[in-house]
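Enquirer: Here's my sequence, what's the structure:
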Amino acid sequence: MRTLNRALGIAVMLAGAALAAPSWAAEEAAAAGAKPEAAEGHGEESASDWKHWKVKNEVSNLPSLQRGARNFLGYCVGCHSLKYVRYSRMAEDLDIPLEQLEQMMPPGNKPADYILTSMPAADATAWFGKPPPDLSLMSRARGTDYIYQLFRTYYLDPSKPTGVNNLRLEGIAMPHVLSELEGVKVAKYKEETKKGEDGKPHTERVFEKFELIAPGRLSESDYDGFVRDTVNFLDYASEPAQAKRRHLGVFVVLFLIAFTWLTMLLKKEYWKDVH
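Expert: Coordinates of the predicted model:
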């Protein structure tokens with residue numbers, strides 16, 4: 001019965017994401033004016049070195065944040081909330097026109113509403129064992145690199161209730177909702193002989209690479225850009241004012257430098273007759 005509930009929950013979640021996704025979210029990310037920017041050197045990344053993958057996101061990159069908002073509202077809000085972010089604040093910060101914002105919001109929501117999921121907590125608990133976490137502060141709690149690695153290390157695993165597993169989070173309860181974009185891949189392992197603490201050699205199973213068995217709608221570089229934009233948006237959501245804070249911080253530091261210089265001149269003026 002528990003397995004049946006879990007399977008039902010996955011089906012409802014995937015269907016909900018498809019129904020909640022605006023029409024523009026279902027379009028190819030490579031369409032004109034909406035192509036994600038793939039990171040330089042992506043093709044040189046080694047899958048076996050996945051723990052050191054870096055997202056290198058920029059919260060000051062407005063086009064990336066706009067695409068990330070599109071991605072989140074198209075694929076994530078069916079299960080996850082951003083309970084500290086209002087639609088209106090997001091639209092103001094990301095320069096999203098009201099007409100476009102209304103298309104992005106799920107039916108029944110208003111600009112002043114917080115970005116909340118429509119999935120009932122009781123249903124989520126029955127299907128997955130616990131409700132999906134709110135993602136408002138996830139990038140601050142786990143780090144942007146963690147989230148980036150999570151979305152890029154899903155692999156096929158028939159032994160799991162969801163049919164997939166994840167290198168970053170073993171036994172992950174969340175299905176790979178972006179599989180239609182990335183495709184389906186399997187993890188390949190190799191045997192390595194290493195010395196243990198007792199000095200004796202032992203065989204260890206080590207991850208080597210991913211092998212794509214069913215291509216998705218996006219190329220590898222486009223999917224990588226899709227994930228980076230999404231992570232960038234989650235980084236913004238964790239502190240919407242951070243870009244302005246950093247911009248203002250430059251002027252604060254310049255003011256302090258100038259103020260320090262003036263105080264030094266003032267000190268010399270007061271003490272010039274003492275010496």
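Enquirer: what's the pLDDT at residue 118?
Expert: The model reports residue 118 with a pLDDT of 88.
Enquirer: Also the one 3 residues further on?
Expert: Confidence at residue 121, expressed as pLDDT, is 85.
Enquirer: Need the pLDDT of the closest residue to it other than its chain neighbours.
Expert: With Cβ to Cβ, 6 or more residues apart in numbering as the criterion, residue 121 has its nearest non-adjacent residue at 4.6 Å, and that residue is residue 131. No exception for glycine: its C-beta is placed from N, CA and C like everyone else's. Reported pLDDT at residue 131 in the predicted model: 87.
Enquirer: So residue 131 versus residue 152, what's the distance?
Expert: 25 Å (Cβ to Cβ, to the nearest Å).
Enquirer: Check which residues of stretch 181-191 are buried.
Expert: 181-185, 187 (16 or more other Cβ atoms under 10 Å).
Enquirer: Pick out whichever of residue 131 and residue 152 has more residues nearby.
Expert: Taking neighbours as other Cβ atoms under 10 Å, residue 131 and residue 152 compare with residue 152 leading, 23 against 18.
Enquirer: wait, what's in contact with that one?
Expert: Residues in contact with residue 152, defined by Cβ atoms under 8 Å, 6 or more residues apart in numbering, are 50, 53, 182, 224, 227.
Enquirer: Which of the residues you listed sits closest to residue 170?
Expert: residue 50 (13.2 Å; Cβ to Cβ).
Enquirer: Give me the pLDDT for the closest residue to that closest one other than its chain neighbours.
Expert: With sequence-adjacent residues excluded and distances taken as Cβ to Cβ, 6+ apart, residue 50 is closest to residue 153, at 5.6 Å. As predicted, residue 153 sits at a pLDDT of 96.
Enquirer: cool, residue 207 as well?
Expert: Residue 207 is given a pLDDT of 92.
Enquirer: ok so, going back, please flag which of the buried residues of stretch 181-191 sit within strands.
Expert: Counting by DSSP state E, the part of the buried residues of stretch 181-191 found in strands is 183-185, 187.
Enquirer: where's the residue nearest to residue 50 relative to residue 166, distance?
Expert: 6 Å.
Enquirer: same thing with residue 209?
Expert: Taking Cβ to Cβ, one finds residue 209 at 16 Å from residue 166.
Enquirer: re earlier: just send the contacts of residue 152 back as TSV, with distance to residue 100 too.
Expert: Below are the contacts of residue 152 laid out as TSV (distance: Cβ to Cβ, whole Å):
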residue	distance to residue 100
50	35
53	32
182	26
224	25
227	23
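Enquirer: Spell out for me which residue occupies the centre of the protein.
Expert: Central residue of the chain (Cα atoms, centre = their mean): residue 231, 2.8 Å from the mean position.
Enquirer: who's in contact with it?
Expert: 55, 57, 68, 139, 144, 147-148, 151.
Enquirer: Which strand or helix spans it?
Expert: helix 220-238 (DSSP states H and E).
Enquirer: And that helix, how far out from the chain middle?
Expert: 5 Å (Cα atoms, centre = their mean, to the nearest Å).
Enquirer: same thing with stretch 89-108?
Expert: Here stretch 89-108 is found 19 Å from its chain centre; the criterion is Cα atoms, centre = their mean.
Enquirer: who does residue 115 bridge with?
Expert: Judged by DSSP bridges, the bridge partners of residue 115 are residue 82.
Enquirer: Okay, it and residue 91: tell me how far apart.
Expert: Computed as Cβ to Cβ, the residue 115 to residue 91 distance reads 11 Å.
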